[in-house]
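Enquirer: Okay, sequence plus prediction incoming.
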Amino acid sequence: MPPSEHSPVLSRKKLAILAIKVAVSLGLLVYLISRTDVSSIVGAIGQADFRFIGLALLTPFAGYFITSKRWQGLLHVQGAEIPQGVLLRSCMVAMFFNQIMPSTIGGDVVRAYDSSRSGAGRQVALSAILVDRVMGLFALSLFAVGSLFILRHDVSKAGMIPLIVIVIAGGLACTVTMVFSPIPSVLHCVRWFYRKIPGPVGRFLSKLDLAFESYRGRYGIFFRALALSLVLQINVVVLHYLAGRALGLTPHFTQYFYVVPIALFVMLIPISINGIGIREGIFTLLLSSYGVGKPEALAFSFLVYSIFFLHGILGGLVFLTRGLHISQLVTQQESAPAGGGP
């Protein structure tokens with residue numbers, strides 16, 4: 001069924017936001033490339049070692065496995081038994097929507113839909129996705145903050161970024177605490193607040209709070225999810241390290257634990273299309289601390305995006321085999337006031 005003129009996909013507000021994101025991405029790319037020798041960028045990519053690129057292309061498969069395993073455990077706590085293969089394929093389709101589709105439908109919406117359709121209730125599916133996302137970001141923040149202290153002599157050019165990362169990490173730590181081991185008085189205040197919210201939003205938050213009860217005091221599932229999240233972030237760092245090795249960049253493996261987490265945090269800011277432009281700018285800034293020139297840093301950013309883009313295409317092929325229409329995902333998103341997060 002084609003979307004109506006009032007469809008959220010075609011609303012003027014969403015089209016305006018999309019246009020702004022496109023303008024930001026194009027503007028940043030034009031600015032960065034115009035101040036760089038394009039032939040040097042092309043030359044760096046042309047001399048890349050394809051053995052390392054091949055290895056880098058394999059790392060997202062490990063990421064799908066780890067993510068689906070963590071997700072499966074979070075669903076299991078709430079009584080939803082879903083085969084890991086189903087969740088793994090959903091992670092691949094989510095990559096398609098995250099990397100290629102410049103729409104309001106994100107990968108988390110796809111995953112929430114899939115788990116709900118596979119037997120988990122809607123609130124269970126959404127709460128598991130939210131906890132899954134928070135645990136991933138929390139692990140990312142641990143690496144980012146840890147690297148700031150270990151490599152503090154290398155971050156002089158980062159400006160306010162380290163402070164922002166520390167603030168975000170603190171917020172994520174509070175969120176994790178609220179889910180797994182809340183302070184009773186704080187939890188009472190939060191519940192008092194959302195119970196004052198009228199309509200479907202308040203009812204949804206109430207149901208979500210009830211779903212989170214399954215995780216409270218379950219420290220075993222917390223440490224399991226955290227361990228998988230840390231391994232997942234190491235896998236992401238390995239991907240970037242292999243891309244750097246392919247281009248002959250000089251940073252050591254440990255230094256990527258500073259560059260990658262902070263870059264990923266900055267790319268979460270929803271002001272561009274899939275991080276395009278933001279990615280190139282932040283990698284250029286952070287890698288300059290290790291003597292990487294702007295052409296090489298841009299080549300690195302383009303190579304990393306190409307790897308994720310190819311996996312997005314692969315996820316799109318998986319999506320085509322499912323007979324699922326985008327309109328179904330739009331309905332799923334509109335019915336969930338608190339989506340899966342960035």
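Expert: That came through fine.

Enquirer: Where does pLDDT dip in the stretch 101-250 of the chain?
Expert: Applying pLDDT under 70 to the stretch 101-250 of the chain flags residues 102-105, 151-159.

Enquirer: where exactly do the helices run in it?
Expert: For the stretch 101-250 of the chain, the helices defined by DSSP state H, counting those that start in this stretch cover 107-117, 122-150, 161-180, 184-195, 199-212, 219-247.

Enquirer: mind checking which of those is nearest G27?
Expert: Proximity to G27, assessed across the helices of the stretch 101-250 of the chain by Cβ to Cβ, is greatest for helix 161-180 (20.5 Å). (Each C-beta comes from the backbone N, C-alpha and C, glycine too.)

Enquirer: What would the closest one look like as CSV? C-alpha coordinates only.
Expert: This file holds the C-alpha atoms of helix 161-180, laid out as CSV (Å, rounded to 0.1, in the frame of the first residue of the first chain):
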residue,chain,number,x,y,z
ILE,A,161,35.5,16.4,22.9
PRO,A,162,37.0,14.5,25.9
LEU,A,163,34.8,16.4,28.3
ILE,A,164,31.7,15.7,26.2
VAL,A,165,32.6,12.0,26.1
ILE,A,166,33.0,11.9,29.9
VAL,A,167,29.6,13.5,30.4
ILE,A,168,27.9,11.1,28.0
ALA,A,169,29.7,8.1,29.8
GLY,A,170,28.3,9.3,33.1
GLY,A,171,24.8,9.5,31.7
LEU,A,172,25.1,6.0,30.3
ALA,A,173,26.4,4.7,33.6
CYS,A,174,23.3,6.2,35.4
THR,A,175,21.0,4.6,32.8
VAL,A,176,22.6,1.2,33.2
THR,A,177,22.2,1.6,37.0
MET,A,178,18.6,2.4,36.6
VAL,A,179,18.0,-0.7,34.6
PHE,A,180,19.9,-3.2,36.6
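
Enquirer: re earlier: which of the helices of the stretch 101-250 of the chain sits closest to T254?
Expert: Once the helices of the stretch 101-250 of the chain are compared by Cβ to Cβ, helix 122-150 is nearest, at 7.8 Å.

Enquirer: quick revisit: could you identify which of the helices of the stretch 101-250 of the chain is most buried?
Expert: Among the helices of the stretch 101-250 of the chain, helix 107-117 has the highest mean neighbour count (mean count of other Cβ atoms under 10 Å), at a mean of 24.

Enquirer: Run the chain-centre distance for that helix.
Expert: Between the centre of helix 107-117 and the centre of its chain there are 15 Å (Cα atoms, centre = their mean, to the nearest Å).

Enquirer: and it, what other elements does it pack with?
Expert: helix 50-77, helix 84-99, helix 122-150, helix 326-334 (3 or more Cβ pairs under 8 Å, 6 or more residues apart in numbering; DSSP states H and E).

Enquirer: So for R224, which of these sits nearest?
Expert: Closest to R224 of those, according to Cβ to Cβ: helix 50-77, at 5.9 Å.

Enquirer: buried sites along the closest one?
Expert: Neighbour counts over helix 50-77 (16 or more other Cβ atoms under 10 Å) mark 52-53, 55-57, 59-60, 62-75, 77 as buried.
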